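> Next one to model:
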Amino acid sequence: MENHFNTPAEVVDLSIKACENKTKLPVGKMILLGIMAGVFIALGGATSSTAAHAVENVGVARALAGVIFPVGLMLIVFLGGELFTGNCLIIMDVFDKRVTWAGLFRDLFIVFFSNLIGALCVDVLIVFSGNLNYSGGLLGAYTIKVAVSKIAISPVQGITSGILCNILVCLAVLMATSARDIAGKVWAIFFPICAFVVGGFEHCVANMFYIPAGIMAAMNPDYVAKAKDAYGLTAEQIATLTPLHSLQNFIPVTLGNMIGGMLCVGLPLYLIYKKKWN
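Coordinates of the predicted model:
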């Protein structure tokens, strides 16, 4: 009887081959695929925020966002895209001596900034589309609140939350590789990504949408007034919405995402399924 899924050992082999091919992409193609992935993740973030912004109960709001956000990774898996967090699995190729450390970090550097370009494009489109005017500007205020809360996290919170997030993201990528049909891949992606959103964990590429969107929303005095009234934000908190302050989130979260993907998922799976044990 034919299996409808690949075994864990087969998943690791397929992932290693796919990751090796990623590092061999022409730079131009890698950039375009990275931009696409940034766009897809940002679209997931934008639509999930729209669904959750008017829900007062935090658990219900996160559950709603968690149902919608996975569309971003689904688009990447089915249509192509180079995602920084998923590419942390290239670490398995480094241990397998198929890719050098320099090749790994070259790929991650190019893909990171390509993801950023894609996410920023969606930020601009969302702001000028009038989307943030929903619910009398409450979505704009919610966007500000989300960005402020992300910038306010401590470095330790950013690293640990980033680790937890990318454990789930990389597991979603691997589970999608395990499935052999479209429906299987959809569900394989849905549950881990839904879990990371509901858990409130930090994803550096998603934050490339959320934080710049909050910075742009804070340029609108109506959204700012609504944020102060609806969420009790102070002028000092809103003043932290700057590109420089955003590094307080991006640096620890990116580091945490790398640790989660490389050391908590990629390394153990390589040791379990590829290392020759005596």
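
> Now do the helices in the stretch 101-250 of the chain.
101-129, 134-151, 155-178, 182-199, 204-217, 221-231, 235-238, 243-261 (DSSP state H, counting those that start in this stretch).

> Now render the ones you listed as a markdown table, adding mean neighbour count, distance to residue 14 and mean pLDDT.
C-beta: built from backbone N, CA, C; applies to glycine. As requested, the helices of the stretch 101-250 of the chain are exported to a markdown table (neighbours: other C-beta atoms under 10 Å; distance: least, C-beta to C-beta, whole Å; pLDDT from 0 to 100):
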| stretch | mean neighbour count | distance to residue 14 | mean pLDDT |
| --- | --- | --- | --- |
| helix 101-129 | 19 | 18 | 98 |
| helix 134-151 | 22 | 34 | 97 |
| helix 155-178 | 22 | 5 | 97 |
| helix 182-199 | 18 | 13 | 96 |
| helix 204-217 | 26 | 23 | 98 |
| helix 221-231 | 17 | 45 | 96 |
| helix 235-238 | 13 | 46 | 96 |
| helix 243-261 | 20 | 17 | 97 |
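
> okay, these in CSV with distance to residue 3 next?
Output for these, formatted as CSV (distance: least, C-beta to C-beta, whole Å):
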stretch, distance to residue 3
helix 101-129, 31
helix 134-151, 41
helix 155-178, 10
helix 182-199, 11
helix 204-217, 32
helix 221-231, 50
helix 235-238, 53
helix 243-261, 27
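
> Nearest to residue 5, out of those helices?
helix 155-178 (4.9 Å; C-beta to C-beta).

> and the angle for that closest one with helix 134-151?
Calculated by axes from the mean of the first three to the mean of the last three C-alpha atoms, to 10 degrees, helix 155-178 forms an angle of 110 degrees with helix 134-151.

> helices and strands around helix 155-178, which ones?
helix 8-23, helix 71-79, helix 84-87, helix 182-199, helix 243-261 (3 or more C-beta pairs under 8 Å, 6 or more residues apart in numbering; DSSP states H and E).

> Run the angle between that helix and helix 71-79 for me.
40 degrees.

> Show me how far helix 155-178 is from its chain's centre.
Put simply, helix 155-178 sits 9 Å off its chain's centre (C-alpha atoms, centre = their mean, to the nearest Å).

> about what we covered before: among the helices and strands packed on helix 155-178, which comes closest to residue 64?
Of all the helices and strands packed on helix 155-178, it is helix 182-199 that lies closest to residue 64, at 9.5 Å by C-beta to C-beta.

> contact partners of the closest one?
Helix 182-199 is touched from outside by 4-5, 48, 59, 62-63, 65-67, 69-70, 72-74, 77-78, 164-165, 168-169, 171-172, 175-176, 178-179, 203, with contacts defined as C-beta atoms under 8 Å, 6 or more residues apart in numbering.

> Can you give me the neighbour number for residue 57?
9 (other C-beta atoms under 10 Å).

> how close does it sit to residue 48?
16 Å (C-beta to C-beta, to the nearest Å).

> Please apply the same query to residue 69.
In terms of C-beta to C-beta, residue 69 sits 4 Å off from residue 48.

> which one of these two has more residues nearby?
residue 69 (28 against 23).

> Which pLDDT value belongs to that one?
Note on residue 69: pLDDT of 97.

> Return the backbone torsion pair for it.
Backbone torsions for residue 69, taken as degrees, to the nearest 10, come to phi -60, psi -40.

> give me every residue that touches it.
Applying C-beta under 8 Å, 6+ apart, the residues near residue 69 are 44-45, 47-48, 193-194, 197, 206.

> One more pass at 10 Å, please.
41, 43-49, 51-52, 62, 190, 193-194, 196-198, 203, 206 (C-beta atoms under 10 Å, 6 or more residues apart in numbering).

> rewinding a little: identify the contacts common to residue 69 and residue 48.
62, 197, 206.

> Tell me the one of these nearest residue 231?
Nearest to residue 231 among the shared contacts of residue 69 and residue 48, counting by C-beta to C-beta, is residue 62 at 16.0 Å.
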